[in-house]
Structure formats: C-alpha cells, structure tokens
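**Student:** no sequence for this one, just the structure:
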C-alpha cells in the first residue's frame, strides 16, 4: 500500500510559525532598541531624522529612545590622552626635526553638542582627528622659529610656548579644556647629528688642548714659585747668619772692651795700693825673683799660667 504526504495541508501552519518568529524578533529588537546606556565617563545626545532631540547633553544612565528612528551619539568627557603621531617640521636654519607630542584634555558639558554636531563628523574619533592637525600646526610654527643648535638648551621655554599656542587654539576652535601637553621626543636628522658630533668632538679636543696648556703653565708657575721660595729662604738664611755674626762680633768686642776695662781697673787698684807705679814694678820684680826656679823666664799671654805676665806700666802718676 502506497502512502502519500499532502504538504498542502501543513502550509498554513508553517506560514504561521514563520510569521510568529518574525514578530517575536521584531518585538525583541523593538524592546532592545527602546533604551540606551550612557557610561559614567561619557555624555550623549540623540538624533532623530536629522534633528537633535535634546538641547542639553544626556547624563550617564539608562535612557529611552525611539527604536529604528533615533541614533545615539556619545562622547568621552573623562580625561583623554591624545597621542599626536610623529610629524616633521623645518627649523629657521633649514634643518628637519621630528616631533612626537601627547595632549591631555577634557570636554566641558557646554561644548559637547558643538563637538558632536558642529565639528567634523560624528563621534569621538572625529574630534581627535580635528584636534591633531591644529596641534601639529601650532607646534610646527613655534619650532620653525628656532635654531636647531639651541633647541636642547631652550627646550623648556619652547615647550611652554607650544603649550600656550595649542591650548589657546583648541579652546577657541573646539571649546575643549586642555590640561597638559608633552613633547615626548625631538628627533634630529642624521646629517645634523653627524655634524653636531663632529663639532662637539672638535670643541672637546680644543678644550683638552687648552687644559694641557693650562697644566703646563701651572707646572711652570709652580717651579718658578718653588725657585723663588728657595731663593727667598737662602737670602733669609744668609741674612740671618750675617746678622748673627754681627751680633756675635759686637758681643765679642763688647766683651773684650769690658775685659780690658776690668783688667785696667784691677791694675789701677793694685798700683794705687802701692802708692807709686815704680814701687809696684819693684813688687812685681820681687815676686818674679821669688818664684824663679832657675830656668829662663817664659812670657805667656793670658792669665791662666803660673808664669809671670809682663804688663805695661802706665807712665806718670796714677790718680789716687
């Protein structure tokens, strides 16, 4: 027995199931498209058929919208760090340098609609795309006025000027609030680096040669100072010896004078005791006769011997 399946009887059921599926999908899509979420770091607005729905930006949270009609535009309001790709500029001395910048900013509430719908296209990426060429232009203008050899020494001053120019431009054009700008790197051309290295090497060699000359001069000056010191010391020593000899000679002379005066005074006292020099002479002769041992007399200078000493007797009468 043959069994035939009549599909025509099931067609209404299949059609109903497909319709029910589409209806469920549409309902789910409608339900999901009826609300949207704004993150805490964002603010948003809604476009409806070419018009802006809200006069003021939408705060973070869950909000309703018309499904399939409304489009939600979001913008980040927390601190944003924008890396500006490396770009080249020419300095006043016609050298090429490459700059790498980072820019930090926030978007005030009153600037959100302006940025979303009056600057470029929609979305956060387009805002960055609008800021980057402005920052490049203002930074390039500042560096174009600089001499390449002075950039390293004037870097802080140059960065301050770049920051001021970029901040003023983005405030005026976009209404955003800039916070900081960093010149991450300044890369010089290979030609400039090589020429600068040659100049530095030549300068270092000149400094080294100057240092060698200074050292040689210092050594020579030290030798002169040493010789002068030795000469001064020798002069001082000779002067000291001469002064000492003079003092010794004066002392010896004074000693001899005092000794002579003492001897004369003694002899005068002895003669005076005899009353007459002739008597004193006779006394000396008597003393000599008494002390003579039969040997020839010996005359010695000084008074350290027992032999008689011949002393010249002053002529005339001694004073009492």
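**Tutor:** That came through fine. None of these values were measured; they are calculated from a predicted model. Residues are numbered from 1 along each chain as shown.
**Student:** what about stretch 40-57, average pLDDT?
**Tutor:** Mean per-residue pLDDT for stretch 40-57: 90.
**Student:** If you count neighbours, what's buried in that stretch?
**Tutor:** Applying a neighbour-count criterion of 16 or more other CB atoms under 10 Å, the buried positions in stretch 40-57 are 42-47, 57. Using the backbone N, CA and C atoms, a C-beta is placed for each residue, glycine as well.
**Student:** ok, residue 62 - how many residues close by?
**Tutor:** Neighbours of residue 62 under the rule other CB atoms under 10 Å: 8.
**Student:** related to what we said a few turns ago, let me know the closest of the buried residues of stretch 40-57 to residue 98.
**Tutor:** Using CB to CB, residue 42 comes nearest to residue 98 of these, at 34.3 Å.
**Student:** List the contacts of the closest one.
**Tutor:** By CB atoms under 8 Å, 6 or more residues apart in numbering, the contact set of residue 42 is 60, 74-77.
**Student:** List only buried entries from the residues you listed.
**Tutor:** 74-75, 77.
**Student:** Could you tell me which of these are located in strands?
**Tutor:** Using DSSP state E, 74-75 are the members of those that sit in strands.
**Student:** Now residue 111: closest residue in space, sequence neighbours ignored.
**Tutor:** Among residues not flanking residue 111 along the chain, residue 175 sits closest, at 3.4 Å (CB to CB, 6 or more residues apart in numbering).
**Student:** swap in residue 108?
**Tutor:** Residue 108's closest residue in space is residue 177 (CB to CB, 6+ apart), at 5.5 Å.
**Student:** Count the residues that sit near the one you found.
**Tutor:** Other residues close to residue 177 by other CB under 10 Å number 15.
**Student:** cool, the one 5 residues further on as well?
**Tutor:** Taking other CB under 10 Å as the neighbour definition, residue 182 ends up with a count of 14.
**Student:** and what of residue 265?
**Tutor:** For residue 265, using other CB under 10 Å, the count is 10.
**Student:** Show the pLDDT at it.
**Tutor:** In this model, residue 265 is scored at 79, pLDDT.
**Student:** Kindly report the same for residue 100.
**Tutor:** pLDDT recorded at residue 100 is 96.
**Student:** for residue 173, same thing?
**Tutor:** Here, the pLDDT recorded for residue 173 equals 92.
**Student:** Can you spell out which helices and strands pack onto the lengthiest helix in the chain?
**Tutor:** Secondary structure assigned by DSSP state H gives helix 190-274 as the longest helix of the chain. In terms of contacts (3 or more CB pairs under 8 Å, 6 or more residues apart in numbering; DSSP states H and E), helix 190-274 is packed against helix 277-291.
**Student:** Report the mean confidence score over the helix it packs on.
**Tutor:** 77.
**Student:** May I have the secondary structure class of residue 82?
**Tutor:** The three-state label given to residue 82 by DSSP: H, G, I helix; E, B strand; the rest coil is strand.
**Student:** on that earlier part again, a markdown table please, covering the contacts of residue 42 and showing pLDDT and distance to residue 230.
**Tutor:** A markdown table is the format used below for the contacts of residue 42 (pLDDT from 0 to 100; distance: CB to CB, whole Å):
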| residue | pLDDT | distance to residue 230 |
| --- | --- | --- |
| 60 | 92 | 91 |
| 74 | 89 | 91 |
| 75 | 87 | 88 |
| 76 | 88 | 84 |
| 77 | 89 | 85 |
